[in-house]
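[1] Okay, predicted coordinates and the sequence, questions at the end:
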Amino acid sequence: MGNKSVKENKNPYFKSREDAGLTREAAAEKMGCISADRIYNIETKTLPHPDEVLLMAECYKNPSLCNYYCSHDCEIGRVSVPQIQEKDLPTITLEMLSTLNTLSGNRDRLIDISADGEISEDEMSDFLSIQATLNKMSLAIGSLKLWVDNAVATGRIDKAILKKEE
């Protein structure tokens, strides 16, 4: 296996392949349907196709590539998919619990705001605050899902057991 590239400003696809300890040729062989030349192009000048991102994420054991693609490279995703940050399980859990506590305190206010099916001017500030809290919860859920996906990809969680529990 060759040395790591000294190129600066590597994109996440390039970094992930190197972090997996693979040359372009070894990655191409492992994936089977993406050539080393295509990998080079993805890493240096062109955007990957969604199916290529799925293959690279699996091959490199880096599920976060999928979120990166959706939040940065996909035209639809750039406006609708937030970038999920990789975090450790205790941090994710504490963020979720904190957000749940905040939501619990705002539950009655949300009921009051939405009971008539309209948001009045005097309710808008509270509604936007509650919406921001819900967005935080959504990001925490995304972080938890990414943590699980990484744990499965690296073998810390058995995929068969996870599927059985779903």
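    Sure thing, it's come through. If you're wondering where the values come from, they're calculated on a predicted model, not measured in any experiment. Residues are numbered from 1 along each chain as shown.

[2] Mind naming the longest helix for this protein?
    helix 121-153 (DSSP state H).

[3] State the next helix or strand along the chain beyond that one.
    helix 159-165 (DSSP states H and E).

[4] other SSEs contacting that following helix?
    helix 121-153 (3 or more CB pairs under 8 Å, 6 or more residues apart in numbering; DSSP states H and E). No exception for glycine: its C-beta is placed from N, CA and C like everyone else's.

[5] how much space between the residue positioned nearest the centre of the chain and residue 129?
    Nearest to the mean C-alpha position of the chain, by CA atoms, centre = their mean, lies residue 67 at 3.6 Å. Here the criterion is CB to CB, to the nearest Å. By it, residue 67 lies 26 Å from residue 129.

[6] on that earlier part again, need the contact list for the nearest residue to the residue nearest to the centre of the chain once chain neighbours are set aside.
    Among residues not flanking residue 67 along the chain, residue 84 sits closest, at 4.7 Å (CB to CB, 6 or more residues apart in numbering). By CB atoms under 8 Å, 6 or more residues apart in numbering, the contact list for residue 84 reads 64, 67, 71, 139, 142, 143, 145, 146.

[7] Go again with 7 Å.
    By CB atoms under 7 Å, 6 or more residues apart in numbering, residue 84 lies in contact with 67, 139, 142, 143, 146.

[8] The first one: helix or strand, and which one exactly?
    This points to residue 67. Residue 67 belongs to helix 64-68, assigned by DSSP H and E.

[9] All set now, cheers.
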